[in-house]
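# Model the following, please.
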Amino acid sequence: MSNSNPLVQMETSLGEIILELDVEKAPLSVENFIAYARAGHYDGTIFHRVIKGFMIQGGGLTPEMQEKPTREPIKNEARNKLKNKTGTIAMARTEEVDSATAQFFINTEDNKFLNNTGTSPADFGYAVFGQVVDGMNVVYTIEQRATTSRDGYDDVPVEPVVITKVTVLD
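Prediction:
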């Protein structure tokens, strides 16, 4: 990654995570994430899916498990050669390839099975668009939270882990 990449500060109820976004390899995903961040979309959302040895996912739900409204989905950039390695951030999506909106996840392990290996929806993969450059200890703290099933979602932290503010650092 280069010095021209934006840095993002994610303040959570468990500490701060600093992300470096790869604008060259994932321009659509970076632009999308920054637009949601600048609009305040992530402020007050939670990490609603936390799976030990896999990843932590957030950016779409309130502590009351209400889904926040989103903009139109973006094109999946999973073919950008960035891999779902420990500490990378990627766009979450549904079974549909080009369905990512605001939700993202941070890999807590190397998750090769999430990388692009083909063109079908099953093997298209998940677009990595940056990496944690500081605060991986916070990511691991979040990953260790006790989870439960709640409001139709599995792996929800019992005590909400709130994203209090996401700031694009200039």
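# Got the phi and psi for V166?
For V166, the backbone dihedrals (degrees, to the nearest 10) come out as phi -120, psi 120.
# I'd say it and A35 touch.
No - using C-beta atoms under 8 Å, V166 makes no contact with A35, being 11.3 Å away. For glycine as for every other residue, the C-beta is placed from the backbone atoms N, C-alpha and C.
# For those two, indicate the residue with more neighbours.
Applying other C-beta atoms under 10 Å to V166 and A35 shows that V166 carries more neighbours, namely 24 against 13.
# Dig out what the more buried one forms beta bridges with.
For V166, the beta-bridge partners under DSSP bridges are M10.
# List the contacts of it.
Applying C-beta atoms under 8 Å, 6 or more residues apart in numbering, we find V166 in contact with 8-11, 36-37, 42-43.
# And N111, by the same measure?
Listed by C-beta under 8 Å, 6+ apart, the contact set of N111 reads 54-55, 84-85.
# Now the buried members of those.
In those, burial by neighbour count holds for 54-55, 84, counting by 16 or more other C-beta atoms under 10 Å.
# Quick one: distance of stretch 159-166 to the chain centre.
Centroid separation between stretch 159-166 and its chain, computed with C-alpha atoms, centre = their mean, to the nearest Å, is 13 Å.
# Extract the C-alpha set from that stretch and format it as CSV.
This file holds the C-alpha atoms of stretch 159-166, laid out as CSV (Å, rounded to 0.1, in the frame of the first residue of the first chain):
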residue,chain,number,x,y,z
GLU,A,159,-22.9,-7.1,24.9
PRO,A,160,-23.2,-4.9,21.9
VAL,A,161,-19.9,-3.7,20.4
VAL,A,162,-20.7,-0.3,19.1
ILE,A,163,-18.9,1.6,16.3
THR,A,164,-19.2,5.1,17.8
LYS,A,165,-17.5,7.0,15.0
VAL,A,166,-15.7,6.5,11.7
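# re the thing from before, make CSV from the contacts of V166 and add distance to I74 to it.
Formatted as CSV, the contacts of V166 follow (distance: C-beta to C-beta, whole Å):
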residue, distance to I74
V8, 17
Q9, 23
M10, 20
E11, 25
Y36, 11
A37, 15
Y42, 16
D43, 21
